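**Student:** Can you look at this prediction? I've put the sequence above it.
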Amino acid sequence: MPTIIAHHRIKDQAHWLASPKRRELFGSIGVTEIKTFVDPSNPTHVGVMMNVPDMEAFSAIMKSEAGAAAMEHDGVVPESVVVLIEAP
């Protein structure tokens, strides 16, 4: 199961950290070990690390209406999302 890291910009760090949307959305495709990270020098830059059992399902959910709605709810700036996949 690959581990991924994603980082991106957000509008409101407190709201993003408190939101249950990440776990709801990614949990629906079996993602586990979701950890959140914040940039101490830039409150609008955050990241997540998670174990993703199905990268195709992850890619599909990121492009879906549900993914877009979760990002909007969380205040994610969609064009800033960068996903890194654990190297084999």
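**Tutor:** Cool, got the structure. Numbering: from 1, shown residues only.

**Student:** got the residue ranges for the strands in this protein?
**Tutor:** When secondary structure is read from DSSP state E, the chain shows strands at 3-9, 32-39, 42-51, 82-85.

**Student:** Quick one: the ones you listed as TSV, columns for mean neighbour count too.
**Tutor:** All C-beta atoms are positioned from the backbone trio N, CA, C, and that covers glycine. Shown next, in TSV, are the strands of the chain (neighbours: other CB atoms under 10 Å):
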stretch	mean neighbour count
strand 3-9	16
strand 32-39	13
strand 42-51	16
strand 82-85	12
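
**Student:** In a markdown table: these, plus distance to Ser64 and mean pLDDT.
**Tutor:** Below are the strands of the chain laid out as a markdown table (distance: least, CB to CB, whole Å; pLDDT from 0 to 100):
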| stretch | distance to Ser64 | mean pLDDT |
| --- | --- | --- |
| strand 3-9 | 16 | 98 |
| strand 32-39 | 18 | 98 |
| strand 42-51 | 17 | 98 |
| strand 82-85 | 15 | 98 |
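
**Student:** Take those strands and write them to a markdown table, including distance to Pro20.
**Tutor:** Below are the strands of the chain laid out as a markdown table (distance: least, CB to CB, whole Å):
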| stretch | distance to Pro20 |
| --- | --- |
| strand 3-9 | 17 |
| strand 32-39 | 11 |
| strand 42-51 | 14 |
| strand 82-85 | 21 |
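
**Student:** Which residues lie in contact with the nearest residue to Arg23 once chain neighbours are set aside in this structure?
**Tutor:** Closest residue in space to Arg23, ignoring its immediate chain neighbours: Ile34 at 6.0 Å, by CB to CB, 6 or more residues apart in numbering. Neighbour list for Ile34: Arg22, Arg23, Phe26, Gly27, Val48, Met49, Met50 [criterion: CB atoms under 8 Å, 6 or more residues apart in numbering].

**Student:** quick one: Gly47 and Arg22, what's the gap?
**Tutor:** As defined by CB to CB, to the nearest Å, Gly47 lies at a distance of 12 Å from Arg22.
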